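Engineer: kindly generate the corresponding structure for this input.
(chains A and B)
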Amino acid sequence: MENYKLSINGKTQEVTAPEDMPLLWVIRDLLDMKGTKFGCGQALCGACTVHLDGEAVRSCSLPVSEVGSGKVTTIEGLSEDGSHPLQKAWVEHVVPQCGYCQSGQIMNAAALLTKNPSPSESDIEAAMQGNLCRCGTYNRIKDAILTASQSL
Amino acid sequence: MMPKLPFLKKEKSATSTSLSTGDRSEIFRASRRDFLKIGSLATGGFVLGINFQCSGPKGELITFAPNVFVSIGSDNIVTILAHRSEMGTGIRTSLPMIVADELGADWSKVRIVQAEGDEEKYGNQNTDGSFSVRMFYEPMKKAGATARYLLVQAAAKEWGVDPSECDTEASHVILKGGSKKIPFGDLVAQIQTMELPKDEQLTWKEFSSYKLVGTDVPIYDAQDIATGKAVFGADVNLPNMLIAVVRRSPVVGAKAVSFNDEKALAIPGVKKVVKIDGAGLPTALDKPLEGIAVLAENTWAAIKGSEALEVEWDLGPNQTYNSSAQLQEMLKSTASAGTVKRQRGDFSKAKSSSGKVIEKTYLAPFYAHSTIEPPAAIADVKADGSVEIWAPSQHPQWARGAVAGALGVELPKVKLNVTLLGGGFGRKSKPDYVVEAALLSKAAGVPVRVQWTRSCDLHHDYYHSHSAQRIVATLDDSGNLSGWNHHTVFPAIGAGLDAAPPSDGELDLGCRDFPYDVPNIRIESHETTAHTRIGWLRSVSNIHHAFAIGSMLDEIAESKGVDPVDQAIALLGEDKDLVFAGEMVGDYGNYGEKIEDFPWSTARMKKVIETVAEKSNWKANLAAGKAIGFAAHKSFLTYVACVVTVEKDAAGNLLIPEVHYAVDCGIAVNTDRVRSQFEGGAQFATSLATTSAITLENGKVVQNNFDTYQIIRMPQAPKKIHVHIVPSKEKPTGVGEPPVPPFIPALANAVYKLTGKRNYELPFKA
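Structural biologist: Numbering: from 1, shown residues only, chains lettered A, B, ... in the order given. Presented below is the predicted three-dimensional model:
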């Protein structure tokens, strides 16, 4: 077991965890932040997507020991009040069905828009293909990202 | 013994033809004097405290609840209970919309609270079979109308006018003409002492005056989901809770002979190892598999602990089972005579005198539900024997009963809170994972969350059955379809090692209810065995039946050189209500409804076919040689027709640029959620058709995660999905499942146009 000082959503969080514990379980179990979801444990579905220094990463496959001084942002830290353009667009387009994958979808989309504020439809498809949705909200996700990109 | 299929059987609330009478009224009487303590709602969002105080202390919020579904606070907030489970259909929004509209509530002042699992209080909560809106449209209207009646009476008395002079609007009672209005909240004190109205005293709003029903209403939880605040199954945290990950029998029916937990217990955070005695064989829909659970302080330790277990299994009789071999055996069996389940005319005679015979076979694999939220449940078995559960359950009553049974406690001792479901599709009807949590909490003496991993989910699902079908179609000398012989075989829900045929209920899902005017029809089923747990997946056996029928009809149209859309309309014949009189062997289920109440209307089917043809520009695209495919299929009493367009990209990947659906689901309550179910249904069906398959070798499921059990990703999704809702005042029917069945043959038929090669086996590659 090791002690880690993590920067999560702008706050320093101290945790004791084995070095191989994925960041996902640090966030969910040790810090009791439940917005980031578990889907596959192997970086295949994207439900656990968070930002590490602005990059979208799959927290289920990122050992806590590799986070270092990197700044982690979770869905809870994307905006204070749900006012991120993507969150607003998600509500406007009523994207979610069951909603379970949507934290990861939004976090992945947010990283995309940081790099590419005006993505084309094929840019979106390429960037979002790591995030699975079983309900089938892909089209509305795409529409919401396009809407958000216009308001940036 | 075949178990009853919970999604098909005529459950208590479904038997009554008029849902506003009979046992429904008991629900309304049950809580005549219930007052909801709003303060208790704030804690968990879904925890509802009901007490029987008749008045609150001075200054406290007073709430009046004329029935269990609706209560009105002195703060003018209307609280509506959602008693069906939310797994993505939008039902948590759609049913409250009906209440609010009939009541005349301001939607922005409506709070929705999730009901706990309690059949006595709320009636049927089995969120399955696309029947929530069908079953509860009338009861929800009644809940709203009852509250409106009382409010109007109270206001009329205050104003000294006749109640007929009053109406409700935006959470106010108004005097018609608009000269006076009073907020609902100001009337709460007055209506507390009033008698509930009798049914005949209730009045109903005109459909045209509805402001919510029939419109696009955003789901209640959208903001919470977009901000990560929505609470799903694994998101509840309790003090001292341990997390359990279970190593389950790798082969269904396997027993753990012995296990060594030394290495597991050595992992930091692992606290306890507990054996779960499994149901064994025959399999059970409501009991856990045999397994060894590792209980730890966190999920990661539990996962590592479960991997470190050394278990010696007696694999039992299913260890030699291979699904591909069974599929071929089933296929072979369809060439022999089966058990006749529907008979019209004389197919054998038609065949011997026919000008042409087309005979094709169709195969489909096992499918897993693979909800992105793997099963998870939380149980707190307390020292006094009471139990509290939090679970993403589609069928809270079944889960509650299964927990009570497994623990040997009385039902009232079990409180079951329903969280949001991260997808359901039929998987979370089965309460096995909820029972696991309860057994483990009892054994550990602390609250336990059981957490399934993705491999747990794919290895231990209740799978959609693989299937083999053979359709023999005969054409007479004029080229007309004169005979239809459909053989179907698949391991039935609840089947085991003794060979059994599909149940009548499964045959009624898109096979026996073949609606076309063909003079000679013979439907035959065949027996087979089951070597894994079989369940139901979104639209159930409609999936493979519609694939076979829709593909075959396209092939027949091609052989005759006719447009498949024209053929379908012609084959439906004159407008009529089908009752299949004298043709079915055994009862015809009609999705739990009397056929007189929900007849099979060829006119409604023709209308959706004509609509989809017109909206998709079918004729012109067909003439232009576009790769388009068509199919129509009624399921769960909803009429659907579908047109799919396909093409290939430069790399040879199949693309689906456009899909058109036409649907007649009677009254469409929340039109946006009707559309979203069809958008999602097309994407779900694309996975079934092109990417997903579960196979078993030596009794074990081969696929471990989303790399080998693939569901479509964004680039593979149909690009534009147009949903044309046929305006209808008919009784509302569900839309969760009906989008899936017709999509698959429509896609297959389009792919044939593109490639010139027909696909007879799912999943197919273009």
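
Engineer: quick one: contacts for the closest residue to chain A within the stretch 101-250 of chain B?
Structural biologist: Chain A sits closest to residue B:228 of the stretch 101-250 of chain B, with a gap of 2.3 Å, by CB to the nearest CB. For every residue, glycine as well, the C-beta is placed using N, CA and C. For residue B:228, the contact set (CB atoms under 8 Å, 6 or more residues apart in numbering or on different chains) comprises A:34-36, A:74-76, A:103.

Engineer: near chain B, which of these show up?
Structural biologist: A:34-36, A:74-76, A:103 (CB under 8 Å from any CB of the partner chain).

Engineer: narrow the residues you listed to those in helices?
Structural biologist: Using DSSP state H, A:75-76, A:103 are the members of the ones next to chain B among the contacts of residue B:228 that sit in helices.

Engineer: domains of chain A?
Structural biologist: The record's domain split for chain A, according to automatic domain parsing, is A:2-76, A:85-150.

Engineer: please identify the most buried of those domains.
Structural biologist: Neighbour counts (mean count of other CB atoms under 10 Å in any protein chain shown) averaged over each of those peak at domain A:85-150, with a mean of 22.

Engineer: tell me how far it lies from the chain's centre.
Structural biologist: Taking the mean of its C-alpha atoms, domain A:85-150 sits 11 Å from the chain's own mean (CA atoms, centre = their mean, to the nearest Å).

Engineer: got it, and stretch B:100-118?
Structural biologist: The chain centroid and the centroid of stretch B:100-118 are separated by 22 Å, computed with CA atoms, centre = their mean.

Engineer: returning to what we had before: which among the ones in helices among the ones next to chain B among the contacts of residue B:228 gets closest to residue B:520?
Structural biologist: Nearest to residue B:520 among those, counting by CB to CB, is residue A:103 at 55.9 Å.

Engineer: what comes into contact with the strand or helix carrying residue B:379?
Structural biologist: Element membership for residue B:379 (DSSP states H and E) is strand B:376-381. Residues outside strand B:376-381 that contact it (CB under 8 Å, 6+ apart) are B:232-234, B:236, B:238, B:241, B:387-393, B:403, B:407, B:433-434, B:436-438, B:440-442, B:445, B:447-452.

Engineer: averaged pLDDT, that strand. What do you get?
Structural biologist: Here strand B:376-381 scores 98 as its mean pLDDT.

Engineer: about what we covered before: who are the contact partners of the residue nearest to the residue of the stretch 101-250 of chain B closest to chain A when sequence neighbours are not counted?
Structural biologist: Nearest non-adjacent residue to residue B:228, counting by CB to CB, 6 or more residues apart in numbering or on different chains: residue A:35, 2.3 Å away. Residue A:35 makes contact with A:74-76, A:103, B:227-229, according to CB under 8 Å, 6+ apart.

Engineer: using JSON lines, please lay out those together with distance to residue B:700 and pLDDT.
Structural biologist: Below are the contacts of residue A:35 laid out as JSON lines (distance: CB to CB, whole Å; pLDDT from 0 to 100):
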{"residue": "A:74", "distance to residue B:700": "36", "pLDDT": "98"}
{"residue": "A:75", "distance to residue B:700": "36", "pLDDT": "98"}
{"residue": "A:76", "distance to residue B:700": "39", "pLDDT": "98"}
{"residue": "A:103", "distance to residue B:700": "33", "pLDDT": "98"}
{"residue": "B:227", "distance to residue B:700": "41", "pLDDT": "98"}
{"residue": "B:228", "distance to residue B:700": "36", "pLDDT": "98"}
{"residue": "B:229", "distance to residue B:700": "39", "pLDDT": "98"}
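
Engineer: got phi/psi on whatever residue of chain A ends up closest to chain B?
Structural biologist: Residue nearest to chain B within chain A (CB to the nearest CB): residue A:35, separated by 2.3 Å. Phi and psi for residue A:35, reported as degrees, to the nearest 10, are phi -70, psi -30.

Engineer: repeat that for residue B:373.
Structural biologist: According to degrees, to the nearest 10, the main-chain angles of residue B:373 amount to phi -80, psi 110.

Engineer: what's the burial count for it?
Structural biologist: Residue B:373 has 30 neighbours, counted by other CB atoms under 10 Å in any protein chain shown.

Engineer: same check on residue B:177?
Structural biologist: 7.

Engineer: what about it, which helix or strand?
Structural biologist: Judged by DSSP H and E, residue B:177 forms part of no helix or strand.

Engineer: so what's residue A:118 up against?
Structural biologist: residue A:149.

Engineer: likewise residue B:156?
Structural biologist: Counting by CB under 8 Å, 6+ apart, residue B:156 makes contact with B:162-163, B:165-166.

Engineer: repeat that with 6 Å
Structural biologist: B:163, B:166 (CB atoms under 6 Å, 6 or more residues apart in numbering or on different chains).

Engineer: quick one: it is in a helix?
Structural biologist: Yes - read with DSSP: H, G, I helix; E, B strand; the rest coil, residue B:156 is one of the residues of a helix.

Engineer: pLDDT wise, what is it at?
Structural biologist: 97.

Engineer: which among the contacts of residue A:35 gets closest to residue B:415?
Structural biologist: Of all those, residue B:415 sits closest to residue B:229, with 23.3 Å by CB to CB.

Engineer: now do the SS call for the closest one.
Structural biologist: coil.

Engineer: find the nearest non-adjacent residue to it, please.
Structural biologist: residue A:35 (6.9 Å).

Engineer: where along chain A do the helices fall?
Structural biologist: All helices of chain A, identified by DSSP H, fall at A:23-25, A:75-78, A:85-92, A:102-115, A:121-128, A:138-150.

Engineer: can you redo these as CSV with distance to residue B:142?
Structural biologist: Below are the helices of chain A laid out as CSV (distance: least, CB to CB, whole Å):
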stretch, distance to residue B:142
helix A:23-25, 46
helix A:75-78, 40
helix A:85-92, 32
helix A:102-115, 34
helix A:121-128, 44
helix A:138-150, 34
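
Engineer: how far away is residue B:542 from chain A?
Structural biologist: Noted for residue B:542: a distance of 17 Å to chain A, by CB to the nearest CB, to the nearest Å.

Engineer: how many residues are close by that residue?
Structural biologist: Using other CB under 10 Å: residue B:542 sits among 26 other residues.

Engineer: check contacts around it.
Structural biologist: Contacts of residue B:542 by CB under 6 Å, 6+ apart are B:509-510, B:635, B:741.

Engineer: now do the helix or strand harbouring residue B:753: which elements does it pack against?
Structural biologist: Per DSSP H and E: residue B:753 is located in helix B:740-755. Using 3 or more CB pairs under 6 Å, 6 or more residues apart in numbering or on different chains; DSSP states H and E, the elements in contact with helix B:740-755 are helix B:542-560, strand B:628-635, strand B:638-648, helix B:671-690.

Engineer: so what's the residue nearest the centre of chain B scoring on pLDDT?
Structural biologist: When chain B is reduced to its mean C-alpha position, the nearest residue by CA atoms, centre = their mean turns out to be residue B:128, at 3.8 Å. Per-residue pLDDT puts residue B:128 at 90.

Engineer: can you check the one 5 residues further on too?
Structural biologist: Model confidence at residue B:133, given as pLDDT, is 93.

Engineer: give me every residue in the stretch 101-250 of chain B lying close to chain A.
Structural biologist: Residues of the stretch 101-250 of chain B lying near chain A by CB under 6 Å from any CB of the partner chain: B:218, B:222-223, B:225-228, B:230, B:232, B:235, B:237.

Engineer: buried subset of those as a PyMOL selection?
Structural biologist: A single PyMOL command selects the buried members of those (16 or more other CB atoms under 10 Å in any protein chain shown):
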select buried, chain B and resi 218+222+223+225+226+227+228+230+232+235
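
Engineer: reformat the residues of the stretch 101-250 of chain B next to chain A as JSON lines; add distance to residue A:130 and secondary structure.
Structural biologist: Conversion of these to JSON lines gives the following (distance: CB to CB, whole Å; DSSP: H, G, I helix; E, B strand; the rest coil):
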{"residue": "B:218", "distance to residue A:130": "27", "secondary structure": "coil"}
{"residue": "B:222", "distance to residue A:130": "23", "secondary structure": "helix"}
{"residue": "B:223", "distance to residue A:130": "25", "secondary structure": "helix"}
{"residue": "B:225", "distance to residue A:130": "20", "secondary structure": "helix"}
{"residue": "B:226", "distance to residue A:130": "20", "secondary structure": "helix"}
{"residue": "B:227", "distance to residue A:130": "22", "secondary structure": "coil"}
{"residue": "B:228", "distance to residue A:130": "19", "secondary structure": "coil"}
{"residue": "B:230", "distance to residue A:130": "22", "secondary structure": "coil"}
{"residue": "B:232", "distance to residue A:130": "21", "secondary structure": "strand"}
{"residue": "B:235", "distance to residue A:130": "23", "secondary structure": "helix"}
{"residue": "B:237", "distance to residue A:130": "28", "secondary structure": "coil"}
